[in-house]
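> After the sequence you'll find the predicted model.
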Amino acid sequence: MSTTPTHDSLSTMDVGIVGGTGPAGRALGARLASVGFEVVIGSRSAERAQEIVDEIHKKWPDRDLALVPAANAVAASAPLVVLATPWDAAADTAASLRAELVGKVVVSMGNALAKVDGELRAVVPPGGSVAAGVQAALPESLVSAAFHHLPARALGDLDRPATGDVLICSDHPEATRATAELVRRLADLRPFDAGSLAAAGPVEAFTAVLLGLNARYKGRATIHLTGIDDSPR
Ligand SMILES: NC(=O)c1ccc[n+]([C@@H]2O[C@H](COP(=O)([O-])OP(=O)(O)OC[C@H]3O[C@@H](n4cnc5c(N)ncnc54)[C@H](OP(=O)(O)O)[C@@H]3O)[C@@H](O)[C@H]2O)c1
């Protein structure tokens, strides 16, 4: 495996998903594999990773999905790594993989949410966002925040295109570019540079509003911006 990918050198192999066995990680992994990426589905338990990969292959028997089950440390050895653990485990998990992640683009997709009075509400984590906490835990990595607003059910339904806009925040232009390239490979998703990691807090927090809408309207809503085009900068 090579080291840090650039936006125009992103290989069709080697995306690692740490915490890839949950709904979000497995949906993203299946979607990336459906367009030709080789994806390492990481877990704290290699057995669980195997179970989940078997489930995905069973669900989509006619698709050639290059999914590799592995321990999180193996997933973190991929050139580009997505962190898909629960939000409150993201920084500690990242810190435990710091050596594997040096110099790499690490995409944080965690949303800090808590259920209060039956409603999911946004929580402000230390540093202002989940992604900021991950960046603080990984000072030698290039952290971006992305994929917060895509419901796993829609992302993982390979019979339908995944549609919507993906807001990307990072303090590293290289991470924004590499993340945007990843998104661009998934036809019908549009990547947008949403600014520095300082913007990740409100981006993450808005997920609470979307989840509330989806619960009340029984939908799969995501965001789609109007009045802007997504030409690469
Ligand atoms: N679900 C969605 O629709 C969605 C959409 C966008 C973003 N997100 C965000 O994506 C992240 C993952 O969401 P999810 O619903 O897939 O979460 P999840 O199912 O709660 O967790 C994902 C995986 O993380 C691992 N994990 C659980 N507790 C952990 C801990 N304490 N330390 C390290 N790893 C742990 C588990 O894998 P192993 O037991 O196999 O290690 C689990 O399968 C969340 O931060 C969420 O906010 C979710």
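Yes, it's here. Numbering: from 1, shown residues only.

> Not counting its own residues, what contacts stretch 111-122?
Residues from elsewhere that reach stretch 111-122 (C-beta atoms under 8 Å, 6 or more residues apart in numbering): 87-88, 123-125, 129-130, 148, 204-208, 211-212. (Each C-beta comes from the backbone N, C-alpha and C, glycine too.)

> do stretch 63-73 as well
In contact with stretch 63-73 (C-beta under 8 Å, 6+ apart) are residues 13, 18-19, 29-30, 33-34, 36-46, 49-50, 52-53, 56-57, 93, 97, 100, 158.

> coming back round to it: so, if you compare the contacts of stretch 111-122, which one comes nearest to M109?
Among those, H148 lies closest to M109 (C-beta to C-beta), at 6.1 Å.

> Spatially nearest residue to A84, not counting backbone neighbours?
Leaving aside its chain neighbours, A84 sits nearest to G25 (3.4 Å; criterion: C-beta to C-beta, 6 or more residues apart in numbering).

> ok, that neighbour touching V81?
No. Contact criterion C-beta atoms under 8 Å: G25 and V81 do not qualify, at 11.3 Å.

> what sits in contact with each of those two?
What both G25 and V81 touch, as defined by C-beta under 8 Å, 6+ apart, is the set 17-18.

> By proximity to the ligand, which residue of this protein wins?
Closest residue of the chain to the ligand, C-beta to the nearest ligand atom: G22 (2.4 Å).

> Which pLDDT does the model give that residue?
On the pLDDT scale, G22 is placed at 98.

> Over to T12?
49.

> ok, now which residue in this structure is the farthest from the centroid?
Relative to the mean C-alpha coordinate of the chain, counting by C-alpha atoms, centre = their mean, the farthest residue is D117 (28.2 Å).

> For that residue, give its distance to G212.
12 Å (C-beta to C-beta, to the nearest Å).

> Equivalent analysis for L150, please.
16 Å.

> So between these two, which is more surrounded?
L150 (28 against 13; other C-beta atoms under 10 Å).

> which residue sits closest to that one, ignoring its sequence neighbours?
Nearest non-adjacent residue to L150 (C-beta to C-beta, 6+ apart): T222, at 5.5 Å.

> Pairing-wise in the sheet, spell out the partners of L113.
When assigned by DSSP bridges, L113 has beta-bridge partners A122.

> Around the ligand, pick out the residues from the chain.
The chain has residues 19, 21-25, 43-45, 48, 84-87, 89, 93, 109-111, 147-148, 150-152 near the ligand, with proximity defined as C-beta under 6 Å from any ligand atom.

> from those, which would you call buried?
Taking 16 or more other C-beta atoms under 10 Å as the criterion, what is buried in the residues of the chain next to the ligand is 19, 21-22, 24-25, 43, 84-85, 87, 93, 109-111, 147-148, 150-152.

> so of those residues, which ones are in strands?
S43 (DSSP state E).

> Just the ones in helices from the buried ones among the residues of the chain next to the ligand, please.
Among those, the members falling in helices (DSSP state H) are 24-25, 87, 93, 152.

> can I get these in TSV with distance to D230?
As requested, those are exported to TSV (distance: C-beta to C-beta, whole Å):
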residue	distance to D230
A24	23
G25	25
W87	27
T93	31
A152	23
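
> what's the most distant pair in those?
T93 and A152 (18.6 Å).

> Could you give the separation of the helix ranked longest in the chain from the chain centroid?
With secondary structure taken from DSSP H, the chain has its longest helix at helix 200-217. What separates the centre of helix 200-217 from the centre of its chain is 16 Å, taken as C-alpha atoms, centre = their mean, to the nearest Å.

> Tabulate the CA atom coordinates of that helix in CSV.
Provided in CSV are the C-alpha atoms of helix 200-217 (Å, rounded to 0.1, in the frame of the first residue of the first chain):
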residue,chain,number,x,y,z
ALA,A,200,-17.3,20.9,11.3
GLY,A,201,-19.3,21.5,14.6
PRO,A,202,-22.4,23.0,12.9
VAL,A,203,-22.1,20.5,10.0
GLU,A,204,-22.1,17.6,12.4
ALA,A,205,-24.8,19.2,14.6
PHE,A,206,-27.2,19.7,11.7
THR,A,207,-27.5,15.9,11.5
ALA,A,208,-29.7,16.0,14.6
VAL,A,209,-32.2,18.1,12.6
LEU,A,210,-32.1,15.7,9.6
LEU,A,211,-32.6,12.7,11.8
GLY,A,212,-35.6,14.4,13.5
LEU,A,213,-37.0,15.1,10.0
ASN,A,214,-36.5,11.5,8.9
ALA,A,215,-38.1,10.2,12.0
ARG,A,216,-41.2,12.5,11.8
TYR,A,217,-41.6,12.1,8.0
